[in-house]
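# any chance you could fold what I've pasted below:
(chains A, B, C and D)
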Amino acid sequence: MNEAELIEAFKAQMREDPDVASAVAAIRALLEFLKRDKGETIQGLRVNLKNAIETLSGVDSSVAVSSGGELFLRFISLTSLEYSDYSKCKEIMIERGELFLRRISLSRNKIAKLCHTFIKDGARILTHAYSRVVLRVLKAAAESKKRFSVYITESQPDQAGQKMAKALSKLNVPVTVILDAAVGYIMEKVNLVIVGAEGVVESGGIINKIGTNQMAVCAKAQNKPFYVVAESFKFVRLFPLNQQDVPDKFKYKADTLKTNRSLTEEHPWIDYTSPSLITLLFTDLGVLTPSAVSDELIKLYL
Amino acid sequence: MAARGSGRRGAGPGGARGPDPQEEPPPPLQAVLVADSFNRRFFPVSKDRPRVLLPLANVAMIDYTLEFLTATGVEETFVFCCWKSAEIKEHLHKSKWCRCTSPNKVRIVTSDLYRSLGDVLRDVDAKSLVRSDFLLVSGDVVSNINISTALEEHRMRRKLDKNVSVMTMIFKESSPGHRARCQEDDIILAMDSTTNRVLHYQRTQELKRFRFPMSLFQSNIETVEVRHDLLDCHISICSPQVAELFTDNFDYQTRDDFVRGLLVNEEVLGNQIHMHVTAEEYGARVSNLLMYEAVCSDIIRRWVYPMTPEMNFTDDETQSYTHSKHNIYRGAEVSLGHGSVLDENVLIGQGTVIGSNCSITNSVVGQNCKIGDEVILDGAFLWNGVHIADRVEIWQSIVCDEAEVKEKVKLNPHCVLTSQVVVGPKISLPAGTVISLHSPDEEEEDDDEFSDDSGVNKEENKVKLKGYNKAEVGSEGRGYLWKADDENEADEEEQRQSLWGPTLNLEEESETESDLSLGSEQPDSRTVSPQLDDVKVFQNEVLGTLQRGEEENISCDNLVLEINSLKYAYNIGLKEVMQVLSKVVMEFPLQQLGTELDPQHYCVMLIPLLKNWSPVFKNYIKRASDHLDALSAIEEFFLEHDGLHTSIAKVLMTFYQLEILAEEMILFWFSQRDASDKGRQLRKNQQLQKFIQWLKEAEEESSEGDQD
Amino acid sequence: MAERGGRSGAGPLPSRETPSDGQAQELSKEEKLQLRKEKKQQKKKRRDEKGQPAEPSLPGHPQGQPPGAAPPMLAPVPSEGLAGSEKPAVGKSKAELRAERRAKQEADRALKQTKKVESTPAAAPAKPRLPPSEPQSMVKRVPDHVQVDDPAAQRRLAKKLERQQVPLRPDYGAKVNLFSHLHQYSRKRPLTQQMSIPSTAIHPAVVRLGLQYSQGLLNGSNARCLALLQVFRQVIRDYSTPPSEELSRDLVAKLKPYISFLNQCRPLSASMGNAIKYLKKEISGLSSTLREEEAKGKLQGSIEGYVREKIHLAAEAISKYAFEKISDRDVILVYGCSSLVNRTLCDAYANGCAFRVIVVDSRPRLEGRDTLRRLVRKGIRCTYVMISAISYVLPEVSKVLLGAHALLANGSVMSRVGTSQIALVSKAYNVPVLVCCETYKFCERVQTDSFVSNELDDPDDLIMPGKGGAQLRNWKENSSLRLLNLVYDVTPPELVDLVITDLGMIPCTSVPVVLRVKNVEQ
Amino acid sequence: MPGAPEKESGLSEQIEAFVARLKRGGERLSSEEAARQTVGLLRKIIGHGRWGNAGDLMVLIRKEGKRMTVAQPSETTVGNMVRRVLKIIREEYGRLRGRSEESDQQESLHKLLTSGGLSEDFSTPYPPLRANVIEAISELLIELEGTTDNIAMQALEHIHSNEVIMTIGYSRTVEAFLKEAARKRKFHVIVAECAPFCQGHEMAVRLSKEEIETTVMSDAAIFAVMSRVNKVIIGTKTILANGALIAVSGTHTLALAAKHHSTPLIVCAPMFKLSPQFPNEEDSFYKFVSPQEVLPFTEGEILSKINVHCPVFDYVPPELITLFISNIGGNAPSYIYRLMSELYHPDDHEL
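Numbering: from 1, shown residues only, chains lettered A, B, ... in the order given. Predicted structure coming up:
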């Protein structure tokens, strides 16, 4: 399976199911790749997969993809440890891979179930940009006869907020779109903040659409709870100290990176929010305090 | 008798000799719960549901009472029911109290013959149900008092001076003007603050000034305290003697009769009553709708903690609530429309659906109610399954089960819609409206609970009131307005009054009216019973009057006037009037011509007299007790004149035919076990037996008549 | 020494009190004075024996709570004085007496000095163009009632009092180390017990007032100040200048004992301090040419004026300003009972502002109930909670409105204890905190914590009434148990958003500005 | 077994009584007692109850456990103990199945990737299970006995001589802790009385009996005095999953004051107070007693016009807490989540 096919597979995934997280799409694609892989040894497989992941992140430079890729690699190596015989090992991998995919497909509902109890009747919620998980959570809350209203930042440059607003008004939840600049203004009105995340880093902080950080800071200043909802496959082995420290490949779109213009006048697409600003993370592994995240990652990678 | 004996004996040495420390452990605490109020304050509401089952914050009153008893350590409770006993039984059997695991064994005793607390206690005594000190409460008491200390004191007192103290009444400190202080039960009492002994006890209602007997202050008690800051919790710790005393004195109808009786001739009986005052805990009795309102909101405001809605002490899963800020309680799957605000002190039952933009404050909403949009509820008490259409306003009113209020209806304060009533659309009920499916005049038929307002001009009522008056209940309304039309103004007054306590119209109340409104509590509002000699004089006076009446045949009304004036002149209680009157009348023939004459002759003489004076009797014989008084008086007479035994049947017959005495009462009187042996053999007399037999049959067929 | 040892070792307080009280009754005033002299004498002797500096730290010394482990009981000043020095009181040589007299005179002179210094700040504003916060007010003497632990100061106080024929009030019960520099009186033993009534020295009206203070019948700095001025008016009315005396001098001198008497009953509030300062200035400002009647009339007038503009009009102005800040559907949290805040709320409500009030209250005073009753009577919707429950109610609160006892020059607010706490929690829930305070309560003092200058109320108040109080009832027997009943606390400026004064709304950091302006305009 | 029925009826009566007691606000029932009683009852249930395999046993425990828990939501220890027992059952069952320990830990990324089968079933009956479980529970009971002492033991590591320590209300654990320290060191304790119940008074008296220099003050003075305090040591009702507290009302103020003066705040709490719940359902944790406590009934007519609240507990967010001292040592609030996952199985978090 060559790059073109791989990319095609990846794109296909995204196309046929718009609701799928890019990480999941990547993993699916990789699984596909694994099935078709002709290699004879684990090592060979690893090398090929590495390249494959490279190519994928070439297509979509988001944290999610790389985290998904890493996860998959880790998964391969873990399984390979258990079984020596390659072919046996491979089918186990494929079987488990499917299982894994099935598991994480449930994760959003799990999160919704955990999180919607935190939304009280009559709550005013502030959220940022477009996040499928947040949407799912709010849906769950609305279904459980809770009355709440939502403020959404329109989130320049791609106006993802508008999309979210539409989705919410379909659930006939009263929703207001506000300027990105109005976060500080609106904060004293709201009861809690919920955002999604592209990636959850080791420190327990998150990497998400630009503007999240400022929202978190405002929330802290006004002592409002700042909740993050993210599936566990978004956990990524990365420890940014500050915004500078976040690798450029995540900050900018893949195509902008290709056109090797100086990035100084480019707008970054994501920012880093430090764990101290986060109240709780809701994942399919349960409700975690930021410090619990690294615990999970350590368990997985060490 | 026993009581008196022991009372005297104990007075002397008992006090000196302290209690020996090693006593056998106190026997398991028992309680007597009277699940009937023996009045019809809650009519027409209690026509559909017995009073003790009316929901307070969606839980039946009696459950609160039972929870109170259980929490305070009662291990056996006797529930006495009369009116709608079947329903109460059923309720209790369903409740957790009758589970095998319940620490408080509940035994239900029912009889349709109970007409007052007195009867119940007499029965307790007859059946000898209580073994030792017991708690006496009525089924509408809400309280979280822990009586253990009071009980301790009580037992100690009884041990110290041999059973002189028969009863400890429990009061709660609450300054006058407190909402939970029911004006009717408002009392002023004098106590000995060292021994907590009650010296004088008096109801303050519509009394401008209070009289205290001089003896109070002349007595050697140095620390007399006169208190008006007490709220009667209607909880009392009684010794078995109490029951005996009730048996001994047949005229005791209510606890207040008892208390007053005991206090007045204390030196005779040698019994004392003590009191226990609690400051922290809560205790109140739902004696009218105002109290209903007050107690309800006190429960919501958690004054009765731990008996709060979300605690769900009845273990009834449909009664589970979540409590949140501002005392908002929500049952399971309650759904609120957008923009609806629950302001404060609101309880909403399971499965209720509330539309959008409603505002609800200080209200209780039952289970499975449907409430439309833009509804305003303030101080509203909706029971289960009520339907409220859009834009309805309800202020301080009660809407009973399955009632329906159509759109744009406005209920002004103190309205009552009993179950399944429908009102509206687009009308505004004036304050104090009472609407029921039972028309006010159908009472006389389905009148198990015998009581006062018997047939005030029922004839003309009979004619009208078939079909509902649209003007009153709205175009789609169903239900009769419980407000009789102009010619009996009093009746209406009484109706509203009896439901919502007196605060509504405290203006002039004629004697009869307050009788009506106060039901069986009525005698209390009169002052201490007069000295005997007074009665004697009064009797002679009455005799004189009647004689003159006979000679110059004065109209009965005038006679009544005369007698009334005499009554006031000598300050005689209605009870005494009753007895005296009947006595005089019975003796009249003997007065006329020589003492001894044979039964037939006597009857011949008597019956026409009765016929003439029947209006007089009618005027006085109103309430259940009056009948009994009359009967007892008659019985007394016949006991004195053995010669005339045979004619008793005839006499009673005439009374019955003249509709002076009601058959139930005669039967009841007859069925009293605890008459003296002479009385028994009097009852043996076969004409009487026959007569009673005949009555019984008559009653049966009449009741059959009711069914269809 | 020996005698001291005996004293410190003495049993529980009552046993020690009774003799002293007994004497208080039977001894005539002269005798008392006599005894006092004795006491001082001995003290002096003792001081000579051992160096001044060592003294305060000596364990079990009558005054001066030593740091670290406290001795079981503090011996109240006069009682021990009496208890200690009866026997030697009998025999006494003339020489000694003379020596004493001399010593006394010296002391008086010294005192006069200090008095002068003290009175300078009052005079200072008279000098034009000079801001008040200049050197003099810095060297201002520390008031006696905050240096109970300094025996020297105490002796000075005692001396002063006795000269003014004002009895010294005994301290009561054991004090918390941290507050050993403050007085702690018992309500059950008011000052007047040790006074012969009618007292020649003190005007009956003042005595009554003093009692009202010490019994806590008069609370709130406004009320206390008003009462004080009323009494002074009466005093002035009844005053007549003795021959060969000048009113402006003599009257001031006459007032002094009254003031120190009141101070004994309960330490003066800042408001009273300012009022007195003002009055003194007025008196001393009187031109000697005036006839007595005119002078008295003038004083009466100026007092009335002070009351009118500084208190009544000020309150009016403040409630006007505050009204701008109260809007419909507000939920306003108030604490304790501040006459000013109450008035403000009632006015706002009368002007048709629909708001809710949450009344916060605290043991032992429970003044909040008073507020509650007043507001409810006006028809305002109220909620009532204890101070421990504020973090439960605060989320719904939109503004916090607090009264003040005094505003200090460094911008901190001195007010009923608990106020600072409420300000703190409100900040945590970012609810704005507003303080209402008339400008006449501003004072030059600076203070950073609630310890240095504060007031201790009767510790017995902490005992729970009713059956709950069992545990604490006999706390005096328990040597290692102390009860702390603090009266005021100091709210740091950063916790207060704004102060509403009769001059408008100001940040509390600009208190000194106001002070300067005031002083200039005077 | 013989006599099972009446045993059961007796048992159900005991449970009934326990539930009733909880409902009536658990008259001065200490958390430790509550815990012990709960475990005791559960052990009885396991002993006498009818159940075939771990599955039905857990169902049974859940059912009874739920009843006890809802009876008094604020008394979280009951729920915690039920969860502990469930966890024990799982472990014992696992052991019988011959599954090694760590493979039955709560779900993690790792498990997500590696483990083969989906959720396990508890249907296979193992006769020795009953005995094992009961034994394990008895151990748990023993553990409960010791908790307070274990905490007190650490006292000297945290209190040095001559410091001023503030605490609030009454807590057995803190009392033991301070007394232990007092045996070696001299220090001054300031107790906030904690109106309206003033448990603080009791605390103060008990401490002063041990010759500890103690000062009682009203709650209003907390902030005023805080600037001189070196440490704040408090007990708590419950520790939540995020390291927050549900403690007697006034604690939040205390914690804020401590934060403001950056005074360390130490919480002494045995492990059984750890509850895997999160503060979303605060309202159910708050417990409200009769307004009587705050404003007496005798206040008269105004009562009907006003609202009086008397919450018993406060919510104290984790960032205000410096350290937890439990019977297994000291922990930072951020580490609580881990202890949770060791104590309880995630599937049992809601019963």
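# the strands in the chain, which residues?
Here I'm looking at chain A. A:123-128, A:148-153, A:175-178, A:192-195, A:199-200, A:206-209, A:226-229, A:270-273, A:280-283, A:286-288 (DSSP state E).
# ah, no, chain C please
C:331-335, C:356-361, C:381-386, C:399-403, C:406-408, C:413-416, C:433-436, C:442-443, C:481-484, C:488-491, C:498-501, C:504-506.
# rewinding a little: pick the most buried one from the strands of chain A.
Among the strands of chain A, ranked by average contacts under mean count of other Cβ atoms under 10 Å in any protein chain shown, first place goes to strand A:199-200 (a mean of 29). Glycine gets a C-beta too; all of them are placed from N, C-alpha and C.
# any regions of the stretch 201-350 of chain C where pLDDT drops low?
Applying pLDDT under 70 to the stretch 201-350 of chain C flags no residue at all.
# before we move on, back to that, mind putting the strands of chain C in JSON lines, distance to D:Ile89 and mean neighbour count included?
Formatted as JSON lines, the strands of chain C follow (distance: least, Cβ to Cβ, whole Å; neighbours: other Cβ atoms under 10 Å in any protein chain shown):
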{"stretch": "strand C:331-335", "distance to D:Ile89": "49", "mean neighbour count": "25"}
{"stretch": "strand C:356-361", "distance to D:Ile89": "48", "mean neighbour count": "24"}
{"stretch": "strand C:381-386", "distance to D:Ile89": "44", "mean neighbour count": "23"}
{"stretch": "strand C:399-403", "distance to D:Ile89": "52", "mean neighbour count": "26"}
{"stretch": "strand C:406-408", "distance to D:Ile89": "64", "mean neighbour count": "26"}
{"stretch": "strand C:413-416", "distance to D:Ile89": "56", "mean neighbour count": "27"}
{"stretch": "strand C:433-436", "distance to D:Ile89": "53", "mean neighbour count": "24"}
{"stretch": "strand C:442-443", "distance to D:Ile89": "70", "mean neighbour count": "22"}
{"stretch": "strand C:481-484", "distance to D:Ile89": "49", "mean neighbour count": "25"}
{"stretch": "strand C:488-491", "distance to D:Ile89": "54", "mean neighbour count": "26"}
{"stretch": "strand C:498-501", "distance to D:Ile89": "61", "mean neighbour count": "24"}
{"stretch": "strand C:504-506", "distance to D:Ile89": "65", "mean neighbour count": "15"}
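# distance of the closest residue to chain A within the stretch 451-600 of chain B from B:Lys406?
Of all residues in the stretch 451-600 of chain B, the one sitting closest to chain A is B:Glu476 (31.4 Å; Cβ to the nearest Cβ). To B:Lys406, B:Glu476 is 6 Å away according to Cβ to Cβ, to the nearest Å.
# now do the shared contacts for these two.
Shared contacts of B:Glu476 and B:Lys406, defined by Cβ atoms under 8 Å, 6 or more residues apart in numbering or on different chains, comprise B:422, B:424-425.
# before we move on, which element is D:Gly146 in?
Using DSSP states H and E, D:Gly146 sits within helix D:129-153.
# the stretch 151-300 of chain A: helices as residue ranges?
Taking DSSP state H, counting those that start in this stretch as the criterion, the stretch 151-300 of chain A carries its helices at A:160-170, A:183-187, A:212-221, A:248-251, A:254-258, A:290-301.
# ok, the residue of the stretch 451-600 of chain B closest to chain A - how many residues close by?
Neighbours of B:Glu476 under the rule other Cβ atoms under 10 Å in any protein chain shown: 14.
# where does it fall, phi/psi-wise?
With angles defined as degrees, to the nearest 10, B:Glu476 sits at phi -100, psi 10.
# what does B:Lys370 give?
Dihedral pair for B:Lys370: phi -120, psi 120, per degrees, to the nearest 10.
# wait, isn't it in contact with B:Asn384?
No. With contacts counted by Cβ atoms under 8 Å, B:Lys370 stays clear of B:Asn384, the gap being 11.4 Å.
# of those two, who's got more company?
More crowded of B:Lys370 and B:Asn384, by other Cβ under 10 Å: B:Asn384, with 20 against 15.
# nearest residue to that one other than its sequence neighbours?
B:Gly366 (3.9 Å; Cβ to Cβ, 6 or more residues apart in numbering or on different chains).
# once you drop chain neighbours, what's closest to the residue of the stretch 101-250 of chain A found nearest chain C?
When distances are taken as Cβ to the nearest Cβ, the stretch 101-250 of chain A reaches nearest to chain C at A:Gln222, 5.8 Å away. Excluding its sequence neighbours, the residue lying closest to A:Gln222 (Cβ to Cβ, 6+ apart) is A:Met187, at 4.9 Å.
# what count of nearby residues applies to the one you found?
Neighbours of A:Met187 (other Cβ under 10 Å): 20.
# which stretches of chain D have low pLDDT?
Within chain D, the segments meeting pLDDT under 70 span D:1-8, D:26-27, D:99-120, D:280-284.
# find the centremost residue of it, please.
Computing the C-alpha centroid of chain D and ranking residues by Cα atoms, centre = their mean puts D:Lys273 first, at 2.1 Å.
# how about it, what does it touch?
For D:Lys273, the contact set (Cβ under 8 Å, 6+ apart) comprises D:31, D:76-77, D:80, D:236-239.
# which residues touch A:Leu56?
A:6-7, A:10, A:26, A:29-30, A:65, A:69.
# repeat the analysis, applying 6 Å as the threshold.
A:10, A:26, A:65 (Cβ atoms under 6 Å, 6 or more residues apart in numbering or on different chains).
# turn the strands of chain A into CSV, columns for distance to chain C.
Formatted as CSV, these follow (distance: least, Cβ to the nearest Cβ, whole Å):
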stretch, distance to chain C
strand A:123-128, 12
strand A:148-153, 16
strand A:175-178, 20
strand A:192-195, 12
strand A:199-200, 29
strand A:206-209, 25
strand A:226-229, 15
strand A:270-273, 21
strand A:280-283, 19
strand A:286-288, 22
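# so who does the residue nearest to A:Ser203 when sequence neighbours are not counted touch?
Nearest non-adjacent residue to A:Ser203, counting by Cβ to Cβ, 6+ apart: A:Pro275, 5.1 Å away. By Cβ under 6 Å, 6+ apart, the contact list for A:Pro275 reads A:203-205, A:290.
# try it again at 8 Å.
Contacts of A:Pro275 by Cβ under 8 Å, 6+ apart are A:203-205, A:290-291, A:293.
# which helix or strand in chain A has the lowest average pLDDT?
helix A:254-258 (a mean of 77; mean pLDDT, DSSP states H and E).
# interface residues of chain B facing chain A?
Contacts of chain B with chain A, taken as Cβ under 8 Å from any Cβ of the partner chain, map to B:333, B:335-336, B:338.
# name the member of the residues you listed with the most neighbours.
Counting by other Cβ under 10 Å, top hit in the residues of chain B next to chain A: B:Leu336 with 23 neighbours.
# for that one, phi and psi?
Per-residue torsions, B:Leu336: phi -110, psi 140 (degrees, to the nearest 10).
# where are the low-confidence patches of the stretch 351-500 of chain C?
For the stretch 351-500 of chain C, applying pLDDT under 70 flags the ranges C:466-469.
# residue of it with the smallest distance to chain A?
Using Cβ to the nearest Cβ, the closest approach of the stretch 351-500 of chain C to chain A is made by C:Asn430 at 5.8 Å.
# ok, now which ones touch that residue?
C:Asn430 sits in contact with A:188, A:222-223, where contact means Cβ under 8 Å, 6+ apart.
# so which of those residues is the most crowded?
Counting by other Cβ under 10 Å, top hit in those: A:Gln222 with 15 neighbours.
# quick check: phi and psi on that one?
Geometry field for A:Gln222 lists phi and psi as phi -100, psi 10, criterion degrees, to the nearest 10.
# repeat for B:Val423
According to degrees, to the nearest 10, B:Val423 has phi -130, psi 160.
# so for the helix holding D:Gly146, what gets flagged as buried?
By 16 or more other Cβ atoms under 10 Å in any protein chain shown, the buried positions in helix D:129-153 come out as D:129, D:132-134, D:136-137, D:140, D:143-144, D:147-148, D:150-152.
# likewise for stretch D:224-233?
Residues of stretch D:224-233 classed as buried by neighbour count (16+ other Cβ under 10 Å): D:224-226, D:228-233.
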